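Asks: I would like the atomic coordinates for the input below:
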Amino acid sequence: MSGQRWIAIGLMLGLALLVFALVSPAVFQSREAARQTQSKDNLKQIGLAVLNYHEAEGSLPPGGIIHEDETAMQGWMVMLLPYVDDIAYSWLDLNESWQSPRNTFVFDSAIPVYLIPGGNERFTDTGFGVTQYLANPNLFYRNSDVTFGQMENGTSHTWMTGEVTGHYQPWGYPFNWRPLGTKLCEGPNSYGRSNWNGGHLLFADGSVSFLSDQTAPEILKRFAEAPPVATEAQTAAPDRVFQTGDFRWEWQPIELESDSESKHKYFAKTLENKKQKLLVIQVFFAPKGAGRRKKEGPAPQLLLRIDSTTDIAQELEESSMSEDATPAQLAANVKTLQKLQQKMESN
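Replies: Numbers count the residues shown, from 1 in each chain. Below you'll find the predicted structure:
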């Protein structure tokens, strides 16, 4: 009787494993289909934002605002923020570059509409929020002001942006464009999603089309060369690859001490990898009463970026915190941050 029972249990387990094996591919395909649909919707939102920007300003947003001295200020995704995330936009100081401490808090944030759903690569290893959509360099380039009227092949045949395979860039980076190439899903510098065997492209009329990775090179070449065509100088960009991965900012900030009479509050944020190793510690300050996630006053401003070699005591002593905290509070903040710094060294 005992042997029969074990046989029955074995049959049930085998049946369960068989059902799991049969159902798993269907579940995976269903999830991927949902992600494709959401990504398509993201591109449609971006397309609507471009249309609204064009109506307001008379042209597409500049690919990147680059000064004569090569100071890179803001990119096209920043200029679209009023139409996709007005809170983030309200916190930006457009008179400062994308790497300014005044803008760090915003550019360290993830903007959902600029991300393909389901991926873990939402941040760089230095904390910038990334995008997985890049733009047509013939339409979005240095200080560009392209109009729909310049698209001689028609807006329905002129692509604007699409999903990229890899080498993701910060959404605030002022050089977020990439040539289409003649093959999708062909390495990290191409367009498309390898697990989808192709990718979506947004066209200037607002439509979104899925192109297979088997799309003929001639078709992609025709899209890539659709006028207007920018010059090599206009599309020149730094030879820079950002390191992205399963990095994330700790959701709960670490409150730091300050005097009750001071006008500022202070807090720290930490960036971790999937093994919970601390990669970055950043200290911010903001006016008391200002929110960190709501449209309440100015955005928090970066005070200090800490790595494993930073002399925290000296840096805080030379910062505004020395005026906003008592000696005892300052010492307590140094101790708190040094404990975090030790985690960076020991992990």
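
Asks: start to end distance for stretch 170-182?
Replies: Its start and end residues considered, stretch 170-182 measures 25 Å (C-alpha to C-alpha, to the nearest Å).

Asks: pull out the buried positions in that stretch.
Replies: Within stretch 170-182, the residues scored as buried using 16 or more other C-beta atoms under 10 Å are 170-178, 180-182. For the C-beta atoms, the positions are set from N, CA and C on the backbone; glycine is no exception.

Asks: so where's this structure uncertain?
Replies: 1-6, 8-10, 14-29, 289-297, 345-347 (pLDDT under 70).

Asks: quickly list the domain ranges of it.
Replies: Per automatic domain parsing, the domain ranges recorded for the chain read 39-245, 250-346.

Asks: need those domains in a markdown table (columns: distance to residue 12).
Replies: Converted to a markdown table, the domains of the chain look like this (distance: least, C-beta to C-beta, whole Å):
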| stretch | distance to residue 12 |
| --- | --- |
| domain 39-245 | 33 |
| domain 250-346 | 36 |
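
Asks: I'd say residue 43 and residue 208 touch.
Replies: Yes. Judged on C-beta atoms under 8 Å, residue 43 makes contact with residue 208 at a distance of 4.8 Å.

Asks: overlap in contacts, these two.
Replies: Counting by C-beta atoms under 8 Å, 6 or more residues apart in numbering, the common neighbours of residue 43 and residue 208 are 200-202.

Asks: picking up where we left off before, looking at residue 43 and residue 208, which is more packed in?
Replies: residue 43 (25 against 19; other C-beta atoms under 10 Å).

Asks: and the more buried one, that's in a helix?
Replies: Yes. Secondary structure of residue 43 (DSSP: H, G, I helix; E, B strand; the rest coil): part of a helix.

Asks: where's residue 269, which helix or strand?
Replies: strand 264-272 (DSSP states H and E).

Asks: next SSE downstream of that strand?
Replies: strand 278-287.

Asks: what does that following strand rub up against?
Replies: So strand 278-287 is in contact with 104-105, 108, 125-127, 247, 256, 263-273, 292, 297-307, 320-321, 324, 337, 340-341, 343-344, 347, going by C-beta under 8 Å, 6+ apart.

Asks: cool, stretch 146-157 as well?
Replies: With contacts defined as C-beta under 8 Å, 6+ apart, stretch 146-157 is touched by 54, 58-60, 138-140, 158, 203-205, 207, 223, 226-228.

Asks: deepest of the domains of the chain, which one?
Replies: domain 39-245 (a mean of 18; mean count of other C-beta atoms under 10 Å).

Asks: state the helix or strand in which the residue nearest in space to the middle of the chain lies.
Replies: Nearest to the mean C-alpha position of the chain, counting by C-alpha atoms, centre = their mean, stands residue 130 at 1.9 Å. Assessed by DSSP H and E, residue 130 sits inside strand 130-131.

Asks: please enumerate the helices of the stretch 201-347 of the chain.
Replies: Under the criterion DSSP state H, counting those that start in this stretch, the stretch 201-347 of the chain carries helices at the ranges 217-224, 312-317, 321-324, 327-346.

Asks: before we move on, back to that, mind checking which of the domains of the chain is nearest residue 32?
Replies: Closest of the domains of the chain to residue 32 is domain 39-245, at 6.8 Å (criterion: C-beta to C-beta).

Asks: what is the end-to-end distance of stretch 185-200?
Replies: End-to-end distance for stretch 185-200, by C-alpha to C-alpha: 12 Å.

Asks: which parts of the stretch 1-150 of the chain are strands?
Replies: All strands of the stretch 1-150 of the chain, identified by DSSP state E, counting those that start in this stretch, fall at 64-66, 72-75, 123-124, 130-131, 133-135.

Asks: need those in JSON lines (columns: distance to residue 96).
Replies: Converted to JSON lines, these look like this (distance: least, C-beta to C-beta, whole Å):
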{"stretch": "strand 64-66", "distance to residue 96": "12"}
{"stretch": "strand 72-75", "distance to residue 96": "8"}
{"stretch": "strand 123-124", "distance to residue 96": "19"}
{"stretch": "strand 130-131", "distance to residue 96": "20"}
{"stretch": "strand 133-135", "distance to residue 96": "23"}
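
Asks: which one of the ones you listed lies closest to residue 38?
Replies: Taking the strands of the stretch 1-150 of the chain one by one with C-beta to C-beta, strand 133-135 is closest: 12.6 Å.

Asks: can you list the strands that whichever helix or strand comes after the closest one pairs with?
Replies: Later in the chain than strand 133-135, the nearest helix or strand by DSSP H and E is strand 159-163. When pairing is defined by DSSP bridges, strand 159-163 lines up against strand 133-135 (antiparallel), strand 198-203 (antiparallel).

Asks: how far away is residue 132 from residue 168?
Replies: 5 Å (C-beta to C-beta, to the nearest Å).

Asks: who touches both of those two?
Replies: Taking C-beta under 8 Å, 6+ apart as the contact rule, residue 132 and residue 168 both touch residue 121.

Asks: out of the buried residues of stretch 170-182, which comes closest to residue 74?
Replies: Nearest to residue 74, judged by C-beta to C-beta, of these is residue 174 at 5.9 Å.
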